[in-house]
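A.B. asks: Here is a sequence with its predicted model. Questions after.
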Amino acid sequence: MRPAPCFHDPHPSASRVRRVPPAATFAMMPMKRSLLRLAPGRVAPPCPPAPRNRAAARRLRPLCPGARADLATAVDKEKGTAMELGLHLPNFTWPDGPQKIGENLTRIAAAAEDTGFKMLSVMDHVWQIGVVGPPELDMLEAYTTLGFLAARTKTIDLLAWVTAVTYREPGLLAKAVTTLDVLSGGRAWLGIGAAWNEPEATGLGLDFPPTGERFERLEEALQICLQMWSDDESPYNGKHYQLARTLNSPQPLSRPHPPILIGGGGEKKTLRMVAQYARACNLFGGPELAHKLEVLRGHCETLGRDYDEIEKTVMFAIDPGPNGEKVDAMLEQLQAMAGLGISHVHGHIADAHTITPLEILGERVIPVIAGF
């Protein structure tokens, strides 16, 4: 196995990378709908003739009446890309039962795309997890579900949040993400982590080695995926995985490859791997967030990685309230995270199957955070 000191993209795609300035450049201010208007001195983006759809027209009206616009262009270039929301679907147990799961997934995905969500994710679990409900609740296999969603959407990015590294051999995982990327038109990410749910793994006979070995396997899996997403078909000989020929045809449509998000905030291993291999980190909101980001910055300095190349994402409980009554408080929290450099906030939304909370967020939150 050849040394792999740093597998991040030397020339990351501008459409994927969120460059975020230091937190000091963000001024904290009360959240009002007037934030949707361009600040004095800003230049409004060009106005194409028509909105993408009716919902987009409503969201974008404060920026450019009657126009289709990319919200990111409404933000000063020195501020980088706008903050975005992503929708996580951890629960498939809905009132109308398993026979309607496919129909509900289609409705939710279409609504998320129509209201401006950037990403749509599912968990990589085979049983339901305790924080959501008992293990007997409905749970779908992640990559089969993502393939279903790819066929029912056009623009939203798709990923498992996050893939349990030991549940699939890395060569097969790279092939699965490649397939998703090709069939979705270049919208796949690889979200990955070291796995943690031992009861479901042992319950279904999935590999679940000790923690240290899982992290070793995670690093080798990252190296294998990146090698398969290159023109290097040579053998890979690692401690845990051996591949005789890393052929992958077709290659992904995403260039240079599907972006990689590594989940977790472990300071010695996980954040070091983010700095070395990933396009994005995923952390939890809370009092340790600023500290975790500083640890990540330190790993970037050690490895010679540009810290601003890494998209900072946070898993967050997105709750606008049944009638939007919690929107203002949520916007204050999101703006505080934007001040730390967080550019993507991802989370489960209660009652997403009713579509109403997605519409509230599309009307009252997504346009506002685009200006953070």
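C.D. replies: Perfect, thanks for sending it. Residues are numbered from 1 along each chain as shown.

A.B. asks: Let me know whether residue 153 touches residue 110 as I believe.
C.D. replies: Yes. Here residue 153 lies in contact with residue 110, judged by C-beta atoms under 8 Å, at a distance of 7.1 Å. (Glycine included, C-beta is placed from N, CA and C.)

A.B. asks: which of these two has more neighbours?
C.D. replies: Between residue 153 and residue 110, counted using other C-beta atoms under 10 Å, the more crowded position is residue 153 (20 against 16).

A.B. asks: Next up, the contacts around that one.
C.D. replies: 109-110, 113, 120, 184, 187 (C-beta atoms under 8 Å, 6 or more residues apart in numbering).

A.B. asks: among these, who's most crowded?
C.D. replies: residue 120 (25 neighbours).

A.B. asks: where does that residue sit relative to residue 348, distance-wise?
C.D. replies: As judged by C-beta to C-beta, to the nearest Å, residue 120 and residue 348 stand 12 Å apart.

A.B. asks: okay, and the common contacts of these two?
C.D. replies: With C-beta under 8 Å, 6+ apart, residue 120 and residue 348 have common neighbours residue 89.

A.B. asks: Check which helices and strands the helix or strand hosting residue 301 is in contact with.
C.D. replies: Using DSSP states H and E, residue 301 maps to helix 289-303. For helix 289-303, the elements it packs on are helix 270-277, strand 280-284, strand 311-315, judged by 3 or more C-beta pairs under 8 Å, 6 or more residues apart in numbering; DSSP states H and E.

A.B. asks: which helices and strands does the longest one pack with?
C.D. replies: In this case it means helix 270-277. helix 211-228, strand 260-263, strand 280-284, helix 289-303.

A.B. asks: ok, now the last one?
C.D. replies: Packing contacts for strand 311-315, counted by 3+ C-beta pairs under 8 Å, 6+ apart, involve strand 280-284, helix 289-303, strand 344-348.

A.B. asks: among these, which is nearest residue 128?
C.D. replies: Residue 128 sits nearest to strand 344-348 of all the helices and strands packed on strand 311-315, at 12.6 Å, using C-beta to C-beta.

A.B. asks: Quick check: which ranges of the stretch 51-200 of the chain have low pLDDT?
C.D. replies: Applying pLDDT under 70 to the stretch 51-200 of the chain flags residues 51-81.

A.B. asks: Show me where it has its helices.
C.D. replies: Using DSSP state H, counting those that start in this stretch, the helices of the stretch 51-200 of the chain run over 54-60, 101-115, 142-150, 170-183, 198-203.

A.B. asks: CA atoms only for the second one, dumped as PDB, please.
C.D. replies: Taking only C-alpha atoms (Å, rounded to 0.1, in the frame of the first residue of the first chain), the coordinates of helix 101-115 have been written out as PDB:
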ATOM      1  CA  ILE A 101     -43.700   4.300   2.700                       C
ATOM      2  CA  GLY A 102     -42.800   4.700  -1.000                       C
ATOM      3  CA  GLU A 103     -45.500   7.200  -1.600                       C
ATOM      4  CA  ASN A 104     -44.600   9.200   1.500                       C
ATOM      5  CA  LEU A 105     -40.900   9.300   0.600                       C
ATOM      6  CA  THR A 106     -41.800  10.600  -2.800                       C
ATOM      7  CA  ARG A 107     -43.900  13.400  -1.400                       C
ATOM      8  CA  ILE A 108     -41.300  14.400   1.200                       C
ATOM      9  CA  ALA A 109     -38.400  14.400  -1.300                       C
ATOM     10  CA  ALA A 110     -40.400  16.400  -3.800                       C
ATOM     11  CA  ALA A 111     -41.400  19.000  -1.200                       C
ATOM     12  CA  ALA A 112     -37.800  19.200   0.200                       C
ATOM     13  CA  GLU A 113     -36.500  19.800  -3.300                       C
ATOM     14  CA  ASP A 114     -39.200  22.300  -4.200                       C
ATOM     15  CA  THR A 115     -38.800  24.400  -1.000                       C
END
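
A.B. asks: Let's check: the centremost residue of the chain is which one?
C.D. replies: Nearest to the mean C-alpha position of the chain, by C-alpha atoms, centre = their mean, lies residue 119 at 5.8 Å.

A.B. asks: what's the burial count for the residue nearest to it when sequence neighbours are not counted?
C.D. replies: Closest residue to residue 119 apart from its sequence neighbours, by C-beta to C-beta, 6 or more residues apart in numbering: residue 86 at 3.4 Å. By the criterion of other C-beta under 10 Å, residue 86 has 22 neighbours.

A.B. asks: Closest one to residue 149 out of the contacts of residue 153, please.
C.D. replies: Nearest to residue 149 among these, counting by C-beta to C-beta, is residue 109 at 5.2 Å.

A.B. asks: list the contacts for the closest one?
C.D. replies: Contacts for residue 109 were tallied using C-beta under 8 Å, 6+ apart; they are 120, 149, 152-153, 156.

A.B. asks: Please identify the deepest-packed of the helices and strands packed on helix 289-303.
C.D. replies: Across the helices and strands packed on helix 289-303, the average number of neighbours (mean count of other C-beta atoms under 10 Å) peaks for helix 270-277, which reaches a mean of 24.

A.B. asks: Thank you, goodbye.
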